[in-house]
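A.B. asks: Everything below, folded, please.
(4 chains)
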4 protein chains.
Amino acid sequence: MKKVSIIGATGYTGGELVKILLDHPKVELASLFAKIDKPSIPIDEEFPRLKGKTNMVCRNFEMKDIPLDVDLVFLAVPHTVAIDLAPLFLDKKIKVIDLSADFRLQDPAVYQKWYGKTHTRPDLLKEAVYGLPELFRDNVKGAQLIANPGCFPTSILLGMAPVVKETEGTIYIDSKTGTSGAGKKAAIGIIFSECTNNIRPYKVLNHQHRPEIEQELGILAGKNVNTCFVPELSPIDRGILTTMFMRLKKPVPTADILAKYNELYKNSPFVHVLPEGTFPELKNVIYSNTCHIGVKSVGEDLLVITAIDNLVKGAAGQAVQNMNIMFGFPEETALI
Amino acid sequence: MKKVSIIGATGYTGGELVKILLDHPKVELASLFAKIDKPSIPIDEEFPRLKGKTNMVCRNFEMKDIPLDVDLVFLAVPHTVAIDLAPLFLDKKIKVIDLSADFRLQDPAVYQKWYGKTHTRPDLLKEAVYGLPELFRDNVKGAQLIANPGCFPTSILLGMAPVVKETEGTIYIDSKTGTSGAGKKAAIGIIFSECTNNIRPYKVLNHQHRPEIEQELGILAGKNVNTCFVPELSPIDRGILTTMFMRLKKPVPTADILAKYNELYKNSPFVHVLPEGTFPELKNVIYSNTCHIGVKSVGEDLLVITAIDNLVKGAAGQAVQNMNIMFGFPEETALI
Amino acid sequence: MKKVSIIGATGYTGGELVKILLDHPKVELASLFAKIDKPSIPIDEEFPRLKGKTNMVCRNFEMKDIPLDVDLVFLAVPHTVAIDLAPLFLDKKIKVIDLSADFRLQDPAVYQKWYGKTHTRPDLLKEAVYGLPELFRDNVKGAQLIANPGCFPTSILLGMAPVVKETEGTIYIDSKTGTSGAGKKAAIGIIFSECTNNIRPYKVLNHQHRPEIEQELGILAGKNVNTCFVPELSPIDRGILTTMFMRLKKPVPTADILAKYNELYKNSPFVHVLPEGTFPELKNVIYSNTCHIGVKSVGEDLLVITAIDNLVKGAAGQAVQNMNIMFGFPEETALI
Amino acid sequence: MKKVSIIGATGYTGGELVKILLDHPKVELASLFAKIDKPSIPIDEEFPRLKGKTNMVCRNFEMKDIPLDVDLVFLAVPHTVAIDLAPLFLDKKIKVIDLSADFRLQDPAVYQKWYGKTHTRPDLLKEAVYGLPELFRDNVKGAQLIANPGCFPTSILLGMAPVVKETEGTIYIDSKTGTSGAGKKAAIGIIFSECTNNIRPYKVLNHQHRPEIEQELGILAGKNVNTCFVPELSPIDRGILTTMFMRLKKPVPTADILAKYNELYKNSPFVHVLPEGTFPELKNVIYSNTCHIGVKSVGEDLLVITAIDNLVKGAAGQAVQNMNIMFGFPEETALI
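C.D. replies: Numbers count the residues shown, from 1 in each chain, chains lettered A, B, ... in the order given. Sure, this is the predicted structure:
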């Protein structure tokens, strides 16, 4: 039985982590922390759907209380906060899975540009493993520090990995996302009356996930990869449906492309490649850790569509999947 | 051509007022004000759906700039702010339609209890006319100061007026409301992820509209009327669907009840009493100034269901309807 | 390991049963049937969210193929179809949980009036146990035939059971329901464009669940109980939020009422009575088998609000809960 | 005062036509027809939101009753039905605006391939004017028969017209559409429970609007144009948000591109080109006849985003706009 703790347990991602870990048969959820305005609250008060399932409290996070009696800690804290927290645990040999962006970008200058803060621990950027298990499972196995991928990058990289080497030119990406991606925060842009009956492109070609996407696509392709990335806030709570258009170096039949996908993901229980002519829809993946992928080529044009739940495969579920691998548990444990 | 101004033009109610008044054939919308963080903004920047329809700007509201060159001013400002503004216009013989709650409650002590502020102009409470035209049209005609009714009270009073005298005991009220009723403001309770896939009772038996409802029901009934009022935040942008259950002093067939409704509303173009066996649904009234009413009695039990658009008949549309009456225009002018 | 089969596996309730039973540690889901237009389909084609979780097929249901090699069968078939199916299993000592209305009404004449068919097995009506475990757990234990309660009745009876004896006069009920309650069928009234931006009262005072509600309330109260029941189709997929207003024989403080609820449900893991001043919201119960209840009295008036998921606690979850009790498994097995 | 009739008045498009034409100051809506199951119904029974606004009835459509006393007829009938109806009016010198696809495709073989019926009046295909006023206003002026454009083509062609000549290679198109585009019909794929919490790509690269899009793009470009067109059913009632990615022959700064758009649309009151850095969102165009366009180039890559209301600019509003031009009325009459 491994002991774990969550810092940042009251956000949407934190809540999802709590839900999954409470049911995990090989892990004890030892403590919960968050920035709250009182010393502690019962976690089932913050998430009433947990009523009857736990008596845990979530304590206000203070440096003096950081949990050092655990085997692994999940950091579900805002970007720029994790930089300072992660080392405290790593120094004590406690594994860290960071769900923020703080250890995802290899180049500190890029981090500074997009997140507005000098990266104080570039040494850890080198150590951190980019935790997309389907692509980097072996690295995850031995990692001390996981940079858990962003939700958009997860939906894009799983769709691009099998073919990015065969493409040329810009990858055009249209990602429809649910509002939970913005977090549980008060902001006019995400209130119900502004989102229902609406679809809103935002941070067009300019989203902070873009450098993460291009960095990893570049690694997969072995060359620079350029993207046009359009995120669109859609009237859904959860899920990302990503449409990707690209140009192949030469025409390849859909069946041959699908074969590449099936080969790459044959041992990945959470990725399902749909049969030719079938495409993902969000309702089939939300509330689960799965990614559905549909593919179609026409001459040199290639279309790839993926669907994930942004809070599960795009955040908390993937984090637990990483943890399972790090601890040597079956990858699917406690995940659906 | 009458000149009017709106103070508070950038909220949901203000935006609805702008839209209606720009198309009003007998009124010139002379100026727009709101509390904003720059000296002025084009109103079509705040409401892009107005692009191509107007070049008006909305200016930051400052006391020194209050518009005294108009015939009537709409106050779409927060509760407790209108008390201080209204007199400035009334003193200059400018008519005021106040969409806040500041002049709705006749008893200053009740106002203080529910809105947390001493009412500094109890004298104006006596002068103010409660602007529900279907019930108090004659008073509206000569009014200088209109207290424009709340959205819930509008949906309830139109449903109760024909029968409240025939009832005994508590009126049980369940009102489903859209999120725009909360205004265009940043608050976690109204973000999309908290509202979609959800219905949330709030301020149960304790909503600030309750005293307004009971005051007006009391006036209509000629006796104290008690209510159990449950507002429910529903996953809709606009609209209030109110279900009212009550006990009649003696059994009355539905047809006879309907006759009373039809009689009371025969000259009211915006109220439609549905035939027996038919009940209102929200989609038939939103974006319009109409109220649909359905009624059914079974022995001594009576059920009344009403539907309105909270921003139109429950706010801006009703305000314009009041203005039309005050200026002697046809009541329906510029309203649908 | 018990073997079970589902007849009617392709509807919303059937799909929910499949999902729950696939994860049930003490039950083998042996076979799936439904009326479909080919001999069989992989169940993960009908419900793509099951991809990777099962290879089961669902076969077209024909009388000659009925599964007699199981310990229990779930009938998730339309009303009036179960009457003929249930006896085939009961005769072979196979337990039956019927999710239709066919065995819920004790009086065949009432059944005929509301479901338009003569009840051909009134003898089984006497044998059938009304499967609301929180109220009739002991009867469920020994049952051969369970009449699984309707979704509206579940939400109402759990809310009324602790207090119905203390009330007098009509119970006024306003139930907001999700569209999945109408089943997975093509009907204009439930298409997205007719339901979004809308709330629609339907079958007002005239819903086929009313006799079931009044029958069971009558049993609980030991006297006839009259209701005014208004179902309202709301823009949500899942869930029922029921508001009930009633009159107590004499004033009782909220705290005393809550004590009754807590006493009745103290051993019921799926019912959570909320603290005074707190009320249920749908998002906290959907996708789970729980029922949240909030209560408030004011003098002789009493307000009770309940929330459930119509497909889980209102159908498939409750059916599995009944099965768990019938087989002597822990009541919560495989349910959240 | 011109007299007009609508055939197909009970669908979503028909209902929108009725609403617009009832308020048209220069047109008398003389008669309404539809395939219904009784001789006639009050139109405000089919569309209760028209209560109090009209006493018109809609009659069951029979050939013997076709309205020949009008100046213009709107055909809002299913594809393949209009072919036979249009000539009956044209022969009597009655103008026809056909909202179906029957006269949009110039090549009868293409029509047959996509709509499954031999085109019996290829002669009329030559006469028909493709009614996209912003691009073909002069042709519309003198037309007897208007082929009113499809909703997707409208959203795409308005976005592509100013630049299609400057592009090379495939145009990649991702169009999010509301469910009203499927019409008011009973089909499982569009019921609320299948659409909410979901986004579903459908008819991927294979939608019947594709040949219409490529035909008109080809005319505008003066060369064959290839597209990858992905329609996506989104959880909204109304609106189409189209994202288009393409490659320019050479890099052009965004400002220069915007200049082309502003030039082309300078006299088009319903098209609004947004300032650089701003992109359309659906809520700003629904319920109006406007199209918002946002553009951004990066090197040789160009992104264009458009938003329209599928029932207004994509159908009924555009039809009335065409009628206004044909009758010499100001183009905006009765449209917002």
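
A.B. asks: only C-alpha atoms for contact and neighbour calcs from this point on.
C.D. replies: OK.

A.B. asks: mind listing the helices for chain A?
C.D. replies: Along chain A, counting by DSSP state H, helices occupy A:12-22, A:43-46, A:82-90, A:108-115, A:122-127, A:133-141, A:151-160, A:192-195, A:210-221, A:254-264, A:317-326.

A.B. asks: how about the residues of chain A that lie near chain B?
C.D. replies: For chain A, the residues in contact with chain B (Cα under 8 Å from any Cα of the partner chain) are A:179-180, A:184-188, A:190-193, A:195-196, A:235-237.

A.B. asks: from those, which is closest to A:A315?
C.D. replies: Within these, distances to A:A315 taken as Cα to Cα reach their minimum at A:S180, with 11.3 Å.

A.B. asks: near chain C, which residues of chain A?
C.D. replies: Close to chain C, as judged by Cα under 8 Å from any Cα, chain A has residues A:F47, A:P48, A:R49, A:K51, A:G52, A:P269, A:F270, A:H272, A:K283, A:N284, A:V285.

A.B. asks: Among these, show me the least confident.
C.D. replies: The lowest pLDDT within these belongs to A:G52, with 92.

A.B. asks: how about that residue, what does it touch?
C.D. replies: If a contact means Cα atoms under 8 Å, 6 or more residues apart in numbering or on different chains, then A:G52 has C:P269, C:F270, C:H272 as its contacts.

A.B. asks: how deep is the first one tucked in, by neighbour count?
C.D. replies: Close neighbours of C:P269, defined as other Cα atoms under 10 Å in any protein chain shown, add up to 17.

A.B. asks: What separation do you get for it and chain D?
C.D. replies: Between C:P269 and chain D the computed distance is 29 Å (Cα to the nearest Cα, to the nearest Å).

A.B. asks: what's the answer for the last one, then?
C.D. replies: Using Cα to the nearest Cα, one gets 27 Å for the distance from C:H272 to chain D.

A.B. asks: need the contact list for that residue.
C.D. replies: Counting by Cα under 8 Å, 6+ apart, C:H272 makes contact with A:K51, A:G52, C:Y265, C:T290, C:C291, C:H292, C:I293.

A.B. asks: Buried ones among the residues you listed?
C.D. replies: Among the contacts of C:H272, the ones that count as buried by 16 or more other Cα atoms under 10 Å in any protein chain shown are A:K51, C:Y265, C:T290, C:C291, C:H292, C:I293.

A.B. asks: Hmm, the first one is touching A:K19, no?
C.D. replies: Translated: A:K51. No - judged on Cα atoms under 8 Å, A:K51 makes no contact with A:K19 at a distance of 11.4 Å.

A.B. asks: for the longest strand seen in chain A, which positions count as buried?
C.D. replies: Secondary structure of chain A per DSSP state E: the longest strand is strand A:167-177. When neighbours are counted by 16+ other Cα under 10 Å, the buried residues of strand A:167-177 are found to be A:T167, A:T170, A:I171, A:Y172, A:I173, A:D174, A:S175, A:K176, A:T177.

A.B. asks: what's the closest of those residues to D:G14?
C.D. replies: Closest approach between the buried residues of strand A:167-177 and D:G14, by Cα to Cα: A:K176, at 30.9 Å.

A.B. asks: How about the contacts made by the closest one?
C.D. replies: Residues in contact with A:K176, defined by Cα under 8 Å, 6+ apart, are A:P231, A:E232, A:L233, A:S234, A:I240, A:L241, A:T242.

A.B. asks: residue contacts, the residue nearest to the fourth one when sequence neighbours are not counted?
C.D. replies: Put plainly, it is A:S234. When the adjacent residues along the chain are set aside, A:S234 lies closest to A:I199, with 4.8 Å between them (Cα to Cα, 6 or more residues apart in numbering or on different chains). Contacts for A:I199 were tallied using Cα under 8 Å, 6+ apart; they are A:E232, A:L233, A:S234, A:P235, D:L241, D:E281, D:L282, D:K283.

A.B. asks: is it true that the fifth one touches D:N310?
C.D. replies: Which is D:L241. No - between D:L241 and D:N310 there is no contact under Cα under 8 Å: 9.5 Å.

A.B. asks: any shared contact partners between these two?
C.D. replies: Common neighbours of D:L241 and D:N310, counting by Cα under 8 Å, 6+ apart, are D:T177.

A.B. asks: Which positions in the stretch 51-200 of chain A make contact with chain D?
C.D. replies: Taking Cα under 8 Å from any Cα, the part of the stretch 51-200 of chain A that reaches chain D is made up of A:T170, A:Y172, A:D174, A:E194, A:T196, A:N197, A:N198, A:I199, A:R200.
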